[in-house]
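Chemist: pasting the sequence and the predicted model now:
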Amino acid sequence: MKNEDAVYDIVSGIASSKTENIFGRKENGVIVIYSYGEHFPMAMIFADKKAIANQSKYSVSTSRHQTLLYRSLSRAGIKIEKWVDTNELQKLVNMAFRSEDWINSYNEMLVGLV
């Protein structure tokens, strides 16, 4: 399977596939896509086909991963609603993974990032 297809499968929730260095984690209704480990989340994807994406740069290879991810998001019809830095995205991921009812404040969370 090509990397782009594997990333698309992760983004679409079709499979828990992963590439050598890109993987997803799904919990409490959100999929988080990582590059090289949980220290660099690239995006949070929600059931309503919206995402929050990481605008930070890390390395040349992670930039390639981000390009694969953005293509896959587009291909799956998922819209990036907000761009945030790594620290902000990590906070949001931690909040989502800690609380089962976090989705109730999803819209408030997006508004707070404006």
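Modeler: That came in fine, so what should we check first?
Chemist: where's residue 29 relative to residue 82, distance?
Modeler: Computed as Cβ to Cβ, to the nearest Å, the residue 29 to residue 82 distance reads 17 Å. Every residue, glycine included, has its C-beta placed from N, CA and C.
Chemist: more crowded one of the two?
Modeler: Each of residue 29 and residue 82 has its neighbours counted (other Cβ atoms under 10 Å); residue 82 has more, 19 against 14.
Chemist: just give the closest residue to the spatially most central residue of the chain, not the sequence neighbours.
Modeler: With distances taken as Cα atoms, centre = their mean, the chain has residue 43 as the residue nearest its mean C-alpha position (2.2 Å). Taking Cβ to Cβ, 6 or more residues apart in numbering, and ignoring the residues beside it in sequence, residue 43 has residue 53 as its nearest neighbour in space, at 4.5 Å.
Chemist: just residue 13 next, same as before
Modeler: For residue 13, ignoring the flanking residues on the chain, the nearest one in space by Cβ to Cβ, 6+ apart is residue 31 at 6.2 Å.
Chemist: and residue 21, by the same measure?
Modeler: Across the structure, with Cβ to Cβ, 6+ apart as the measure, the residue nearest residue 21 apart from its sequence neighbours is residue 36 (5.1 Å).
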